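# No letters, just coordinates:
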């Protein structure tokens with residue numbers, strides 16, 4: 001799947017305080033209206049009674065469209081949460097990259113010190 005899946009329909013329903021079946025109806029409506037189906041991946045979960053139920057993983061963009069169809073005011077709040085989460089992910093990735101770079105540089109330091117001591 002080329003687009004990164006960011007959110008599950010159950011999570012979106014909880015964040016929007018909307019029934020899950022309404023979120024699924026919006027997803028089905030977007031697909032019927034011609035939205036690229038690659039932005040969604042159907043999956044299943046077991047409910048409290050052990051019955052398998054449908055849910056949908058979706059990209060951040062698809063989640064925003066579903067949220068807007070459900071409630072435009074709540075969609076704005078969701079968009080802010082998604083942007084903040086995305087920014088936090090990017091910051092964490094930069095931190096890991098910096099730590100990896102320091103680790104590589106640090107591993108070079110002791111080796112060169114040992115080499116110079118041996119001479």
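Structure's in. What do you need? What you see is a predicted model; the values in this text were computed from it and never measured.
# Next up, identify which helix or strand residue 50 is on.
Per DSSP states H and E, residue 50 falls between elements, in no helix or strand.
# do the same with residue 13
Per DSSP H and E: residue 13 is located in helix 9-16.
# One more: residue 100?
According to DSSP H and E, residue 100 maps onto helix 72-118.
# pLDDT averaged over that helix - what is it?
Taken as a whole, helix 72-118 has a mean pLDDT of 69.
# cool, stretch 8-18 as well?
90.
# before we move on, what about stretch 59-68?
Stretch 59-68 comes out at a mean pLDDT of 86.
# Return the set of buried residues in it.
59, 60, 62, 63, 64, 65, 66, 67, 68 (16 or more other C-beta atoms under 10 Å). Backbone N, C-alpha and C define where each C-beta goes, glycine included.
# Just give me the neighbour total for the residue nearest to residue 46 when sequence neighbours are not counted.
Spatial nearest neighbour of residue 46, chain neighbours left out: residue 52 (5.9 Å); criterion: C-beta to C-beta, 6 or more residues apart in numbering. Neighbour count of residue 52, defined by other C-beta atoms under 10 Å: 8.
# Return the distance of residue 52 relative to residue 85.
Residue 52 sits 29 Å away from residue 85, going by C-beta to C-beta, to the nearest Å.
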